[in-house]
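sequence isn't available, so here's the structure alone:
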């Protein structure tokens, strides 16, 4: 299926941001608005695009090229009448769309998951289906006066437009269309309404416009305020369900701020994985030096590096997700490096504790902490899948382990740190095995 | 879809084995022949069975019950004429089969994967489709004089029977049928032939019998010789593609012999996982004692226990696969216990090496060996999936690690053992990361 993207607008309300570029090329967290739409649609399986350009169309073409950079094919259509209404921009693409197609707006930022779900759910092919957001009350992402409202019953759209008084949904700017839309547009334009909403209203009056409620976040970027909203929405989406409490309340808030700055610099996720790993290795080296020189300051510095590494460890995934560069391999290499970093830190911690306590005791606890940490990560691979399913909340993971190491360094208590790590990690592993066992038991 | 199983025969050729029981209830590696057919079909998605009984039918009914024990539903039909030909046994089930059904023989042992593939490939529903084995030359699992031969062209069966001279396939006893078969059976019986092959021949003459070539092992159990063949076939199938060289040439041959004996005793796979784990823990304890008492004998005994544990570690999976008791959880619990066992053994080895070498050196190597071993297992989760895809042969895994520990104990060289483990495991992990990296690179 092809996707038609309307990218003709000038975006005057974005002020200085659109002086030298069209709205579609406004940057948002490392990608232009239209790049986000293309990459989001690609994730939902779309590989062919028709893009209608208007204001500074040449710049859009130059920026996106033939799409091969994004792994898609792009064809451009120029709309000469884009200023007279977005309906005319849609109409300009008619010669290239003979079958069912997806219609998207270049200035709408949305969750790719929302689009995927919409496409799975909308097999209707006798008109136009609009993805509507039913959260009409207290939806802070929507600007009420600018939003296109929809009133629908039994999935049939009864009214649509900015000025609609009675409504139960917002137009998300995502449509699944048949070429029927073009006929409606021509008719609507002849009758004096050259907006897309006008054509949808016409189709609705003939029972040919459906509303499909979707779940997911989206923002219609119109001005600097909504651009900020879109940024907040994207950043908020970077948290993961498997984030532990330390990650949620300490690491993520900081790593997101870092990520927000990093995405602009072309930093690759793999570089960040490596940086986080090297920081942890440096921390471990400082632990060894601290042990050799019996220096609390070096020990504390090492512990601090460990915690900084733990925070930075969130950035690789965040940058990858924001820039649509996630890869299974990337996540896997990161997790392997994390395990090695864990091991070096515990090794260093054990060495440092030798200067504080009975060697046999230190070494035994060091081994147990190492086993426990490893198994914590080993069991997490399966546990995270299950926990999502069970809705289990708490998860003892790397975020907590690293904070314990930092706090242990701060308190200059290496041996209790190892003891706590050994105890908590192994207890958690046994708990997880119990969860599995009960789950299997109840499903049998 | 329902499956019809013909279990009416007496199996006189099995001699003493069928004096007090019908052929279907002959035991083969812990399960009766018919249980293997039911569980194999269940794995291919079949949940409803119609079983035709004849000779000692009451015993079959009593043994299998309503099928709830196997998670399926079973309905029985008695064939009064079973001695006059298997076609009559099939015909007896007519009232219970109004739609397409699978026809199986209680005395045919087959790979469940073969049935699954056959069902996926055979959507034809205008007659009968027979799964045929095209390996007519040198197929040691087939007894030539007893086999039903098939001659087919363009998937159409042209001739079928034991005495067929020119043939290019064997009848595997697996049929996908429509009720059309019953009409053909009645006609064939009236014409004096009450065998199933007779009815298939009749259908073939009208272009209603198709042959679907299948890959997979199967044995038609007729006498003690073929029963032995079936046993060998099942045991051979217990090796895994991910088996390392030590496993393939040393551990598996022994563990299979053990498994062959164990399946008869009702031992659960989880018990074997636990036994293997406890043996390894005992080995680790002996390592500690050996270190405390500076005793080579204790060290060697510990190392031997480790190797025995490694061999026994194959049995849990083998028993589970033979008895259709595999579970994702079982495999997972086993792998978690293995990691703990690995850790304890390396811990013990490190402790023992303290009495032989510089402590700092021992402990460092111990840590590195522990990290490497863990990461060896951690990376294996993903590597094994990829290696299957890439066709990569060699894999440095637990089988080799445990043998190294045993050989190290034999040579009484704990420190070199740790050094070799540390070197080989970590090198292998880096190699695997390289394989991933290259794979990602070439697929991008």
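Arrived safely. Remember, predicted model here, so these are calculated numbers, not experimental data.

partner strands of the top strand by length along chain A, parallel or antiparallel?
Ranked by residue count and defined by DSSP state E, the top strand of chain A is strand A:169-177. If you go by DSSP bridges, strand A:169-177 pairs up with strand A:101-105 (antiparallel), strand A:128-133 (antiparallel), strand A:149-153 (antiparallel).

just those strands: most buried one?
Mean neighbour count (mean count of other Cβ atoms under 10 Å in any protein chain shown) peaks for strand A:128-133 among these, with a mean of 26. Quick note: C-beta positions are derived from backbone N, CA and C, even for glycine.

near chain B, which residues of the stretch 251-400 of chain A show up?
A:327, A:329, A:332-333, A:336, A:339-340, A:343, A:347, A:350, A:359, A:363-364, A:366-367, A:370-371, A:374-375, A:377-379, A:381-382 (Cβ under 8 Å from any Cβ of the partner chain).

buried residues in the longest helix along chain A?
Identified as the longest helix of chain A according to DSSP state H is helix A:359-390. For helix A:359-390, the neighbour count (16 or more other Cβ atoms under 10 Å in any protein chain shown) marks A:362-380, A:382-384, A:387 as buried.

ok, stretch A:77-94 next?
Going by neighbour count (16+ other Cβ under 10 Å), the buried part of stretch A:77-94 is A:77, A:79, A:82, A:85-94.

could you list which of the residues you listed belong to strands?
For the buried residues of stretch A:77-94, secondary structure assignment (DSSP E) places residue A:77 in strands.

nearest to residue B:205, of the buried residues of stretch A:77-94?
Nearest to residue B:205 among the buried residues of stretch A:77-94: residue A:94, at 59.1 Å, using Cβ to Cβ.

does that closest one touch residue A:179 like I think?
Yes: between residue A:94 and residue A:179 there is a contact at 7.5 Å, judged by Cβ atoms under 8 Å.

returning to that earlier point: how far is the very next helix or strand once past the longest helix of chain A from where the chain is centred?
For helix A:359-390, the following helix or strand on the C-terminal side (DSSP states H and E) is helix A:398-410. Its chain's average C-alpha position is 28 Å from that of helix A:398-410, according to Cα atoms, centre = their mean, to the nearest Å.

who does helix A:398-410 touch, helix- and strand-wise?
Applying 3 or more Cβ pairs under 8 Å, 6 or more residues apart in numbering or on different chains; DSSP states H and E, we find helix A:398-410 packed against helix A:245-246, helix A:296-322, helix A:328-354, helix A:359-390, helix A:414-443.

ok, 10 Å please
Where contact means 3 or more Cβ pairs under 10 Å, 6 or more residues apart in numbering or on different chains; DSSP states H and E, helix A:398-410 is packed against helix A:245-246, helix A:269-293, helix A:296-322, helix A:328-354, helix A:359-390, helix A:414-443.

tell me who's in contact with the residue in the stretch 101-250 of chain A positioned nearest to chain B.
Among all residues of the stretch 101-250 of chain A, residue A:242 sits closest to chain B, at 16.9 Å; criterion: Cβ to the nearest Cβ. If a contact means Cβ atoms under 10 Å, 6 or more residues apart in numbering or on different chains, then residue A:242 has A:380, A:383-385, A:387-388, A:395, A:397 as its contacts.

can you list the residues you listed in a markdown table and add pLDDT?
Below are the contacts of residue A:242 laid out as a markdown table (pLDDT from 0 to 100):
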| residue | pLDDT |
| --- | --- |
| A:380 | 87 |
| A:383 | 82 |
| A:384 | 79 |
| A:385 | 76 |
| A:387 | 71 |
| A:388 | 71 |
| A:395 | 79 |
| A:397 | 91 |
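
just the closest of those to residue A:50, please.
Closest to residue A:50, out of all of those and judged by Cβ to Cβ, is residue A:388, at 37.6 Å.

in space, what's closest to the closest one - neighbours in sequence excluded?
residue A:241 (6.2 Å; Cβ to Cβ, 6 or more residues apart in numbering or on different chains).

do the same with residue A:70
residue A:38 (5.5 Å).

picking that back up, for the longest helix of chain A, packing partners?
By 3+ Cβ pairs under 10 Å, 6+ apart, helix A:359-390 packs against helix A:328-354, helix A:398-410, helix A:414-443, helix B:328-354, helix B:359-390.

give me that answer again for 7 Å
Counting contacts by 3 or more Cβ pairs under 7 Å, 6 or more residues apart in numbering or on different chains; DSSP states H and E, helix A:359-390 is packed against helix A:328-354, helix A:414-443, helix B:328-354, helix B:359-390.

can I get those helices in JSON lines with distance to residue B:25?
Converted to JSON lines, the helices and strands packed on helix A:359-390 look like this (distance: least, Cβ to Cβ, whole Å):
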{"stretch": "helix A:328-354", "distance to residue B:25": "49"}
{"stretch": "helix A:414-443", "distance to residue B:25": "30"}
{"stretch": "helix B:328-354", "distance to residue B:25": "27"}
{"stretch": "helix B:359-390", "distance to residue B:25": "38"}
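
out of these, nearest to residue B:405?
Of all the helices and strands packed on helix A:359-390, helix B:328-354 comes closest under Cβ to Cβ, at 6.0 Å.

show me what counts as buried in the closest one.
Those would be B:329-330, B:332-354, for helix B:328-354 by 16+ other Cβ under 10 Å.

doesn't the residue nearest to residue A:388 belong to a helix?
No: assessed with DSSP: H, G, I helix; E, B strand; the rest coil, residue A:241 is coil; it does not lie in a helix.

I'd say it and residue A:387 touch.
No: using Cβ atoms under 7 Å, residue A:241 makes no contact with residue A:387, being 8.4 Å away.

mind pulling up the pLDDT for whichever residue of the stretch 151-300 of chain A sits closest to chain B?
Distance from chain B to each residue of the stretch 151-300 of chain A (Cβ to the nearest Cβ) is smallest for residue A:270, at 9.7 Å. Looking at residue A:270, its pLDDT stands at 90.

quick one, what contacts the residue nearest to it when sequence neighbours are not counted?
Leaving aside its chain neighbours, residue A:270 sits nearest to residue A:330 (6.1 Å; criterion: Cβ to Cβ, 6+ apart). For residue A:330, the contact set (Cβ atoms under 7 Å, 6 or more residues apart in numbering or on different chains) comprises A:269-270, A:320.
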